[in-house]
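S.K.: Please work out how this folds:
(chains A and B)
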Amino acid sequence: MLNKIKNFMANHNFNILYILLPIILIYSCSNPNEKQSNTLKNLDQEQVISDLSIYNLPSTWTTQNGDDIELKNLNGNVLVMVMIYTSCQVACPRLVADMRNIDAQLPQKNKNNVKFIMVSIDPETDTPERLKSFSIENKMETDQWLFLRGTEDDTREFAAVLAVNYKQISPMNFSHSNIISVFNKKGELQHQQEGLGMDNKETIETIIQLTN
Amino acid sequence: MVMTFINVNAQSVGMVEIKGGAFVPLYGNDSVKVKVDDFFIDVFPITREEYLQFVKDNPYWQRSNAKKIFADGNYLINWYNDLHLNEDTPPQAPITNVSWFAAKRYCEIQGKRLPTMDEWEFVAMANEKLPDARTDSLYNQYILNWYETPKTFNQQIGSTFKNYWGVYDLHGLVWEWTLDFNSVLLSGESRKDVDNDRNLFCGSGSIGATDLMNYAAFMRYAFRGSIKANYSVKNLGFRCAKDK
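M.R.: Numbering: from 1, shown residues only, chains lettered A, B, ... in the order given. Coordinates of the predicted model:
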């Protein structure tokens, strides 16, 4: 049987491999010794946090109020996330406007479990103090708004999860993709809106659906 | 704990030192020179055998345990099971079908890191004799010929040339993850609505005289711009680097 699968795999493309994967996984799971090597801690996490959840990320972030948090502390909220940097002149103000617009269009009853999160791609410049004043300038001062700063490495990793690409092109300027991501209460990516000044309708609908 | 200690002490084994310098990457900073510091890089890509040891030591990264957010369904897909390689590819061939997260973690556990894109390109512009062979048409043709050759990922490490720095297999076997692969911003079919994409290739950079070398590098940058960090691709492996 295994040989058959092997030959089959050698002759077919990726899509077929996808279909076959569950079969292969069943084979690989049939050896109980392999599972035992898994630590208890991992098994615990598996039950609580799903495979596709960003709460699997172990990184620690500092908020605009100087508090340290892990993403999993946000568990139970619908997250609307965007990556920006505060010295940005061109795209970010529009992304910020998009976020505010999404917030404004949400019915009050759906807002309780929604967090709007801005993650800085320029952790060197964007200190918590700077993020704080940015939040004040943009009138994003309620608990609903969270500005996060991490290490350069964790930021790169987080962008990788969001499929946000960015590059520093000068000390004060970054190129970056403009993506607003919506995560469900379990931290699983549900929707991404790409581009500036887009119609926010689908994003809003997704949030409403997830908070109902 | 003990393992980590040993690895930290052995971290320069199998690596060579690269004397840094400034160079103009083919796509990126709009013909601005990029400075690369001195660093170490693995002589060979990580092999299947080495990766097998890694998953034995780190069950979290075994195929059935790996989180989908960090490694998609093609992760180690050709292996018989969690701890056994398939036999139709030599254990000494480069590991492929690994995600960026997995590659990154592998290097971190060895006390290393993935090379940055600039570092990788810096080392990879060398042929056997010259640190920068990018204007050599034979060299570029070699790379492009490889891009057209199927299934080179089945060959053993060391089966291509040793370059100026003493590094093997940068071209000829597999493509390689870099730490900041997601700093490539492309427009059109691969990504849309990215600001400032003119800096990448819509500008004068692509109209220069060195079309062949641009083409080879364009292929690499385009590939990096089109993949996501949890993708596990058949012809994509990695090697590690380390600060000096």
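S.K.: so how many other residues sit close to residue 92?
M.R.: In the absence of a named chain, chain A is used. 23 (other C-beta atoms under 10 Å in any protein chain shown). All C-beta atoms are positioned from the backbone trio N, CA, C, and that covers glycine.
S.K.: my bad, chain B
M.R.: 15.
S.K.: same question, residue B:16
M.R.: One way to gauge burial is a neighbour count; for residue B:16, by other C-beta under 10 Å, it gives 14.
S.K.: can you pull the buried residues of the longest helix seen in chain B?
M.R.: Ranked by residue count under DSSP state H, the longest helix found in chain B is helix B:211-226. Neighbour-count burial for helix B:211-226, with 16 or more other C-beta atoms under 10 Å in any protein chain shown as criterion, is recorded at B:212-214, B:216-218, B:220-225.
S.K.: which among these are in contact with chain A?
M.R.: Contacts with chain A within the buried residues of helix B:211-226, counted by C-beta under 8 Å from any C-beta of the partner chain: residue B:225.
S.K.: Flag the least confident of the buried residues of helix B:211-226.
M.R.: Looking at these, model confidence by pLDDT dips furthest at residue B:212: 63.
S.K.: Spell out the residue ranges of the helices in chain B.
M.R.: Counting by DSSP H, the segments of chain B that form helices are B:2-9, B:48-57, B:100-109, B:117-124, B:137-147, B:211-226.
S.K.: thinking again about what came up before, out of the buried residues of helix B:211-226, which comes closest to residue A:48?
M.R.: Each of those was checked against residue A:48 using C-beta to C-beta; the closest is residue B:224, at 34.0 Å.
S.K.: Against residue B:175, how distant is the closest one?
M.R.: For residue B:224, the distance to residue B:175 equals 9 Å [C-beta to C-beta, to the nearest Å].
S.K.: do residue B:137 as well
M.R.: Taking C-beta to C-beta as the criterion, residue B:137 is separated from residue B:175 by 22 Å.
S.K.: neighbour-wise, which of these two wins?
M.R.: Between residue B:137 and residue B:175, residue B:175 has the larger neighbour count (other C-beta under 10 Å), namely 22 against 11.
S.K.: got a list of what that one touches?
M.R.: Applying C-beta atoms under 8 Å, 6 or more residues apart in numbering or on different chains to residue B:175 gives the contacts B:220, B:223, B:233, B:235-237.
S.K.: If you drop the residues flanking it in sequence, what lies closest to the residue sitting nearest the centre point of chain A?
M.R.: The residue lying closest to the centre of chain A (C-alpha atoms, centre = their mean) is residue A:162, at 5.0 Å. In this structure, residue A:162 finds its nearest non-sequential neighbour in residue A:181, 5.3 Å apart by C-beta to C-beta, 6 or more residues apart in numbering or on different chains.
S.K.: what is the one you found paired to in the beta sheet?
M.R.: Beta bridges link residue A:181 to residue A:81, residue A:192 when assigned by DSSP bridges.
S.K.: so it makes contact with residue A:189?
M.R.: Yes - the pair residue A:181 / residue A:189 is scored as a contact, 6.0 Å apart, by C-beta atoms under 8 Å.
S.K.: Give me the pLDDT value at residue 203.
M.R.: By default, I'm working from chain A. The predicted structure scores residue A:203 at 92 on the pLDDT scale.
S.K.: Hmm, no, I was thinking of chain B.
M.R.: Confidence at residue B:203, expressed as pLDDT, is 31.
S.K.: Flag the shaky bits of chain A, pLDDT-wise.
M.R.: By pLDDT under 70, the weakly predicted segments of chain A are A:1-47, A:90-91, A:171-172, A:197-198.
S.K.: Tell me which stretches of it form helices.
M.R.: Chain-ordered helices for chain A, with DSSP H as the definition, fall at A:2-11, A:14-29, A:32-36, A:40-48, A:91-105, A:128-137, A:152-162, A:201-211.
S.K.: still on that earlier bit, can you list residues touching both of residue A:181 and residue A:189?
M.R.: Common contacts of residue A:181 and residue A:189, defined by C-beta under 8 Å, 6+ apart, comprise residue A:162.
S.K.: of the two, who's got more company?
M.R.: The residue with more neighbours, out of residue A:181 and residue A:189, is residue A:181; 22 against 18, by other C-beta under 10 Å.
S.K.: Could you confirm whether any residue of stretch A:63-73 contacts chain B?
M.R.: No - for stretch A:63-73, no contact with chain B is found by C-beta under 8 Å from any C-beta; the gap never falls below 11.6 Å.
S.K.: which other residues reach that stretch?
M.R.: When contacts are defined by C-beta under 8 Å, 6+ apart, stretch A:63-73 is touched by residues A:49, A:54-55, A:57-62, A:128, A:131-132, A:134-135, A:146-148, A:187.
S.K.: ok, and which of the residues you listed reach chain B?
M.R.: residue A:54.
S.K.: Please, a PyMOL command that selects the buried ones among the contacts of stretch A:63-73?
M.R.: With 16+ other C-beta under 10 Å as the burial test, the buried ones among those are selected in PyMOL as follows:
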select buried, chain A and resi 49+54+55+57+59+61+62+128+131+132+134+135+146+147+148+187
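S.K.: What about the contacts of stretch A:63-73, which are in strands?
M.R.: Secondary structure from DSSP state E places A:60-62, A:146-148 of the contacts of stretch A:63-73 in strands.
S.K.: mind giving me the domain split of chain A?
M.R.: For chain A, the structural domains run A:2-37, A:54-211, going by automatic domain parsing.
S.K.: With respect to burial, which of the ones you listed scores highest?
M.R.: With neighbours defined by mean count of other C-beta atoms under 10 Å in any protein chain shown, none of the domains of chain A is more surrounded on average than domain A:54-211, at a mean of 18.
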